[in-house]
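Colleague: fold the following and give me the result.
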Amino acid sequence: MDGYVETTLEARIQQVVNDYRATLYRDGGDVEVLQVDKDGVVHLKMLGACIDCPISLLTMKLGIQRLLKEHFAEITGVNALTDVSLTDLYDREAVVHKSVAKQVARRQPTLHNA
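Modeller: Okay, the predicted model is just below:
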């Protein structure tokens, strides 16, 4: 078979997610495919505005999960991970504080003892 390239399930999933990514970008969000486990669950990391968006669960289940299940019979579900806990979703101030703290920490110069 000329031109045939075998790809992994993860690579094929990534391509489908890439095609869906424009939908996420419109609202300032993104998603990263972390892995597909032995049970067929795709583990994703929600990024950008998806981290604390109140409808990100809906986007994940009705958008990404539905799309992946339509394309891949071996996919049984999707699990989304974020850096924000569920309790933080109800406390916007905590979310903002964590986000600012991370940005400040990234910008802090490393101090070395002479």
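
Colleague: ok, I55 - contacts?
Modeller: Applying Cβ atoms under 8 Å, 6 or more residues apart in numbering to I55 gives no contacts. Bear in mind the C-beta positions are built from the backbone N, C-alpha and C, glycine included.

Colleague: which pLDDT value does the model give it?
Modeller: I55 is assigned 75 on the pLDDT scale.

Colleague: now do the one 3 residues further on
Modeller: According to the prediction, L58 has pLDDT 78.

Colleague: contact partners of the longest helix along the chain?
Modeller: What stands out as the longest helix in the chain, according to DSSP state H, is helix 9-26. Outside helix 9-26, the residues that touch it by Cβ under 8 Å, 6+ apart are 30-31, 33, 35-36, 42, 44, 48, 50, 59, 63-64, 67-68, 71-72, 74-75.

Colleague: same check, this time on stretch 63-72
Modeller: Outside stretch 63-72, the residues that reach it (Cβ under 8 Å, 6+ apart) are 9, 12-13, 16-17, 20, 23, 31, 42, 44, 75, 77-78.

Colleague: between those, which has the most around it?
Modeller: Neighbour counts for the contacts of stretch 63-72, by other Cβ atoms under 10 Å, peak at V42, which reaches 25 neighbours.

Colleague: I'd like the next helix or strand past the longest helix of the chain.
Modeller: strand 29-36 (DSSP states H and E).

Colleague: ok and that following strand relative to helix 9-26, angle-wise?
Modeller: 170 degrees (axes from the mean of the first three to the mean of the last three Cα atoms, to 10 degrees).

Colleague: can you name the next helix or strand after strand 29-36?
Modeller: In N-to-C order, the element after strand 29-36 by DSSP H and E is strand 41-48.

Colleague: who are the packing partners of that next one?
Modeller: Applying 3 or more Cβ pairs under 8 Å, 6 or more residues apart in numbering; DSSP states H and E, we find strand 41-48 packed against helix 9-26, strand 29-36, strand 77-81.

Colleague: could you dump the ones you listed into a markdown table and include distance to I55 and mean pLDDT?
Modeller: Putting these into a markdown table (distance: least, Cβ to Cβ, whole Å; pLDDT from 0 to 100) gives the following:
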| stretch | distance to I55 | mean pLDDT |
| --- | --- | --- |
| helix 9-26 | 12 | 90 |
| strand 29-36 | 10 | 90 |
| strand 77-81 | 12 | 87 |
